[in-house]
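Engineer: Could you look at this predicted model? Sequence included:
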Amino acid sequence: MTVRDRRVVRVLAILPSVLAAAVGAALVASWRTTLPDPVATHWSSHGADDFSALTFVIVTLIAVGIIGAAIGVALSVRATDPKIIRTGIGIVAGVVISIVAVIVSTTACQRGVADAGTVPTPQWQIALSLAIGLMGGLGLAALVPSWTVTPPTADIGDRPRVAIGAEERIVWTRVVSSSLAASLILGGAVVILASLALVLRSWLVAAVLLLVVVSAIAMWGIRVTVDRTGVTVRGRLGRPRTQVAMSEIDHAEVVGVRALRDFGGFGHRIAVHGDLKGARGFVLRSGSALLVVRQDGRRDIVVVDDASTAAGVVNRLLDREEPVERRPTE
């Protein structure tokens with residue numbers, strides 16, 4: 001990462017949160033004389049059901065901006081992988097912009113009203129605000145520059161090999177299901193969203209619930225396959241799907257993974273610290289994992305039972321290929 005790249009990252013990570021909060025707070029403050037006291041800050045399907053002083057709303061906007069900027073500072077200082085930084089900036093900016101837009105738009109619809117309790121639930125304003133946040137996050141993420149990250153040279157796991165006859169063909173495959181912890185977290189999220197959708201009778205919450213359910217079905221279990229063409233990981237619905245051709249692979253290792261500590265959760269993840277930093281792939285549980293190291297240094301990972309055999313098959317199949325310069329075993 002060059003000095004210019006670092007400066008661009010810092011600006012994109014910090015400035016949007018500060019600007020969004022400052023503009024939002026200034027707008028709301030300028031409406032003080034046209035707003036009811038107190039203002040509505042929460043709605044149910046029957047209308048406004050919670051109220052706050054306008055000062056509290058302004059302080060909330062400022063706090064959201066400060067928190068977003070603080071996360072941006074940490075991201076710009078600690079992270080080095082452009083993909084991780086791009087994802088982080090997009091998420092932070094998108095969330096901050098969405099929150100600010102929701103607060104500003106729902107406050108704006110109360111201008112000129114004497115009693116905030118008479119304002120109907122501003123569903124389209126909330127939907128539009130979330131869309132603005134999504135577009136803002138995607139746009140800022142696209143502005144993050146790209147640079148080459150020097151990949152680690154030392155192995156962090158073992159490079160096993162399995163015995164395969166010269167004329168034998170081999171296909172190794174396993175199905176991986178989500179762990180109990182991941183299932184409980186996902187189940188809890190579905191129950192909460194379903195309850196909110198029923199209580200609020202909101203199509204927006206129902207749409208989020210549908211998205212979560214479809215994603216859960218797709219990621220509930222995956223199939224990992226190793227054969228002479230490469231390594232393929234496929235979800236139950238055919239997507240998501242990752243395929244690494246054997247010609248792109250330098251070697252395979254078997255490593256231990258702690259899902260929460262190494263990847264911060266379950267699903268399709270990216271490691272942001274530790275020996276696995278920069279590795280991306282499917283982490284549905286903790287345990288042994290197949291780590292595929294590409295010739296360009298990129299690393300793909302999948303937690304799967306019998307990962308040692310999977311890595312051994314990859315390495316033995318690579319031995320059969322035409323000799324190429326590969327990284328030495330550390």
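Structural biologist: In hand now; what should we look at?
Engineer: CA atoms for contacts and neighbours, from now on please.
Structural biologist: OK.
Engineer: quick one: low-confidence parts of the chain?
Structural biologist: 1, 45, 78-80, 148-154, 166, 179-183, 185-186, 196-205, 218-219, 320-330 (pLDDT under 70).
Engineer: Would you map the strands across it?
Structural biologist: Taking DSSP state E, the strands of the chain run over residues 39-44, 47-52, 172-177, 221-227, 230-235, 241-245, 249-257, 267-270, 280-283, 287-294, 299-303.
Engineer: Hmm, Lys277 is touching Ala271, no?
Structural biologist: Yes: if you go by Cα atoms under 8 Å, Lys277 and Ala271 touch, sitting 4.7 Å apart.
Engineer: which ones are touching the residue nearest to Val104 when sequence neighbours are not counted?
Structural biologist: Counting by Cα to Cα, 6 or more residues apart in numbering, Val104 lies nearest to Gly24, which is 6.1 Å off, once chain neighbours are set aside. By Cα atoms under 8 Å, 6 or more residues apart in numbering, Gly24 lies in contact with Leu61, Val100, Ala101, Val104.
Engineer: picking up where we left off before, could the strands of the chain go into JSON lines alongside mean neighbour count and distance to Leu12?
Structural biologist: Formatted as JSON lines, the strands of the chain follow (neighbours: other Cα atoms under 10 Å; distance: least, Cα to Cα, whole Å):
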{"stretch": "strand 39-44", "mean neighbour count": "20", "distance to Leu12": "29"}
{"stretch": "strand 47-52", "mean neighbour count": "16", "distance to Leu12": "32"}
{"stretch": "strand 172-177", "mean neighbour count": "16", "distance to Leu12": "38"}
{"stretch": "strand 221-227", "mean neighbour count": "20", "distance to Leu12": "36"}
{"stretch": "strand 230-235", "mean neighbour count": "20", "distance to Leu12": "34"}
{"stretch": "strand 241-245", "mean neighbour count": "14", "distance to Leu12": "30"}
{"stretch": "strand 249-257", "mean neighbour count": "23", "distance to Leu12": "32"}
{"stretch": "strand 267-270", "mean neighbour count": "20", "distance to Leu12": "21"}
{"stretch": "strand 280-283", "mean neighbour count": "24", "distance to Leu12": "24"}
{"stretch": "strand 287-294", "mean neighbour count": "23", "distance to Leu12": "30"}
{"stretch": "strand 299-303", "mean neighbour count": "24", "distance to Leu12": "27"}
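Engineer: Can you show me the helices along the stretch 51-200 of the chain?
Structural biologist: Secondary structure of the stretch 51-200 of the chain (DSSP state H, counting those that start in this stretch): helices at 54-78, 82-108, 123-142, 180-200.
Engineer: Counting by contacts, list what the longest one packs against.
Structural biologist: With contacts defined as 3 or more Cα pairs under 8 Å, 6 or more residues apart in numbering; DSSP states H and E, helix 82-108 has these neighbours: helix 3-30, strand 39-44, helix 54-78, helix 123-142.
Engineer: what's the angle between the longest one and helix 54-78?
Structural biologist: Interaxial angle of helix 3-30 relative to helix 54-78 (axes from the mean of the first three to the mean of the last three Cα atoms, to 10 degrees): 180 degrees.
Engineer: returning to that earlier point: now the residue nearest to Val104: how far from Ile126?
Structural biologist: Relative to Ile126, Gly24 is positioned 15 Å away (Cα to Cα, to the nearest Å).
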